[in-house]
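Colleague: Take this sequence and fold it.
(one chain, ligands or ions: 1)
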Amino acid sequence: MNATGRSADFTAGGYIVEHGSLEPCTVVCADGKAEIDNSKPDRYDFNAVFIKDLVNAHTHCGDYGLKVPPGLTLEELVAPPDGLKHKYLSGLDTGALEDNIRRFDGASAGYGSASFIDFREGGKEGCKALRRCSRDAIILGRPTSKEYDPEEVSDILSVADGIGIPSISDMDPKYLESVADHVRRERKIFAIHASERVREDIDAILSLDPAFIVHMCEATDGDMAKCAEAEVPIAVCPTSNAYFGKETPIVRMLDNGADVMIGTDNGMLCEPDLISEASVFSSLVSKQDGDPGEVWKALANPSKLLNRTRRMEYQISERYLTVIPQRDKGDTRPSAPFRVKIERRSE
Ligand SMILES: [Zn+2]
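Modeller: This next block holds a predicted model:
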């Protein structure tokens with residue numbers, strides 16, 4: 001039995017998310033490994049929606065143990081170095097940090113994600129802690145040096161999959177250029193928060209050639225259209241934005257042609273429960289008069305991005321299928337999402 005109380009072996013009928021739309025399929029899971037085919041099942045145990053390689057597009061796992069009081073501003077909570085989060089992180093010893101990360105990693109898997117893309121604070125040591133505690137995480141490290149230090153960036157990239165930068169505000173453009181160039185030379189992922197609290201210069205951000213950017217709450221339509229043109233996806237985190245009183249402008253992003261992905265952001269604000277966040281996303285899209293079906297594309301976009309940057313093949317040692325059981329009328333069985341390993345020969 002798995003955590004949902006369901007037997008590990010099952011035959012399920014339903015739909016699989018392929019290229020952002022839903023295709024009929026059957027999944028047979030035997031000995032804990034799932035095989036997917038396009039037939040209709042003769043008999044099945046339950047109906048479900050299936051997603052391969054479900055990746056949470058934006059997380060910070062280190063602050064999972066911090067209890068946040070309501071009503072703090074973005075600056076009070078996350079601005080380095082005096083925000084509550086940074087004070088908390090700098091006061092953690094390695095054991096306590098690793099305890100947070102391990103619990104976060106277990107929760108993310110328990111909620112059904114195959115992987116998560118984490119902006120990891122604390123330089124190389126921070127990245128090593130996450131690597132020790134998680135097989136599945138995609139790690140984007142953050143240099144601690146104020147000046148561009150090629151040795152430090154190389155050190156971080158020897159452990160991490162790339163670099164994740166807080167924002168361009170208050171940072172020397174030359175420093176950012178040097179770091180972004182370095183990451184590109186090593187063919188790794190460069191990503192950055194953008195226009196979360198205030199609007200930031202999108203031309204300066206896109207000139208760094210990021211693999212993706214995060215937030216864009218304060219962006220104009222023109223800024224969003226520029227991301228679409230540059231083919232830079234935007235990771236959105238609606239629950240985290242709502243904590244700070246902001247409504248994520250998802251439909252404007254989509255209307256301007258941008259690719260959107262979903263992240264759960266800081267562990268201190270939001271559980272790494274991507275399926276719940278996806279339902280927040282689709283409710284918000286409905287409220288903004290958009291098509292809630294866009295959620296499937298948004299859930300499939302991170303693995304498309306990682307495949308494009310070739311990280312999926314290298315870093316995800318195990319492939320997972322996320323199963324979202326659909327509750328039938330009168331069905332009282334648990335219906336929480338879960339993940340199963342994919343039988344390699346079915347790929
Ligand atoms: Zn973030």
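
Colleague: CA atoms for contacts and neighbours, from now on please.
Modeller: Will do.

Colleague: Quick check, pLDDT for the closest residue in space to residue 81 that isn't next to it in sequence.
Modeller: The shortest distance from residue 81 to any non-neighbouring residue, by C-alpha to C-alpha, 6 or more residues apart in numbering, is to residue 87 (7.2 Å). Note for residue 87: predicted pLDDT of 94.

Colleague: these two touch, right, residue 87 and residue 77?
Modeller: No - under the criterion of C-alpha atoms under 8 Å, residue 87 makes no contact with residue 77, lying 9.5 Å away.

Colleague: Name the residue in those two with the higher neighbour count.
Modeller: Shown here are residue 87 and residue 77; by other C-alpha atoms under 10 Å, residue 77 has more neighbours (18 against 14).

Colleague: Can you show me the helices along this structure?
Modeller: For the chain, applying DSSP state H gives helices covering 74-78, 84-90, 94-110, 123-133, 150-159, 173-185, 202-206, 221-230, 238-243, 250-255, 274-287, 294-308, 311-315.

Colleague: And these, which one averages the lowest pLDDT?
Modeller: helix 311-315 (a mean of 55).

Colleague: picking up where we left off before, for residue 40, which of the helices of the chain is the nearest?
Modeller: helix 294-308 (21.5 Å; C-alpha to C-alpha).

Colleague: and residue 123, how many neighbours?
Modeller: Using other C-alpha under 10 Å, residue 123 has 20 neighbouring residues.

Colleague: which residues touch it?
Modeller: 141-144, 156 (C-alpha atoms under 8 Å, 6 or more residues apart in numbering).

Colleague: What is the neighbour count of the residue nearest to it when sequence neighbours are not counted?
Modeller: Closest residue to residue 123 apart from its sequence neighbours, by C-alpha to C-alpha, 6+ apart: residue 143 at 4.8 Å. Residue 143 has 22 neighbouring residues, counting by other C-alpha under 10 Å.

Colleague: Residue 143 contacts residue 151, correct?
Modeller: No - using C-alpha under 8 Å, residue 143 is not in contact with residue 151, being 10.4 Å away.

Colleague: ok, and what's touching stretch 273-281?
Modeller: With contacts defined as C-alpha under 8 Å, 6+ apart, stretch 273-281 is touched by 56, 107-108, 111-113, 237-239, 262-264, 292, 295, 299, 337.

Colleague: What does residue 73 show for phi and psi?
Modeller: With angles defined as degrees, to the nearest 10, residue 73 sits at phi -80, psi 170.

Colleague: measure it to residue 244 for me?
Modeller: The spacing between residue 73 and residue 244, counted by C-alpha to C-alpha, to the nearest Å, is 6 Å.

Colleague: Likewise for residue 186?
Modeller: Residue 186 sits 36 Å away from residue 244, going by C-alpha to C-alpha.

Colleague: neighbour-wise, which of those two wins?
Modeller: A direct count of neighbours by other C-alpha under 10 Å for residue 186 and residue 244 places residue 244 higher, at 16 against 13.

Colleague: Run through the residues that contact that one.
Modeller: Neighbouring residues of residue 244 by C-alpha under 8 Å, 6+ apart: 71-74.

Colleague: And residue 88, how close does it get to residue 268?
Modeller: 11 Å.

Colleague: try residue 343
Modeller: Shown here: residue 343 relative to residue 268, a distance of 35 Å by C-alpha to C-alpha.

Colleague: For the residue nearest to residue 123, give me the pLDDT.
Modeller: Residue 143 is assigned 96 on the pLDDT scale.

Colleague: Return the residues in contact with it.
Modeller: Counting by C-alpha under 8 Å, 6+ apart, residue 143 touches 121-124, 152-153, 156, 163.

Colleague: same question, residue 296
Modeller: Listed by C-alpha under 8 Å, 6+ apart, the contact set of residue 296 reads 17, 20-22.

Colleague: and if you look at residue 30?
Modeller: Residue 30 neighbours (C-alpha under 8 Å, 6+ apart): 8-10.

Colleague: re earlier: now do the shared contacts for residue 88 and residue 268.
Modeller: Contacts common to residue 88 and residue 268, judged by C-alpha under 8 Å, 6+ apart, are 63, 66.

Colleague: Those two: which has the busier surroundings?
Modeller: residue 268 (18 against 14).

Colleague: Kindly provide the distance from the closest residue to the more buried one other than its chain neighbours to residue 245.
Modeller: With sequence-adjacent residues excluded and distances taken as C-alpha to C-alpha, 6+ apart, residue 268 is closest to residue 64, at 4.7 Å. Distance of residue 64 to residue 245, computed by C-alpha to C-alpha: 21 Å.
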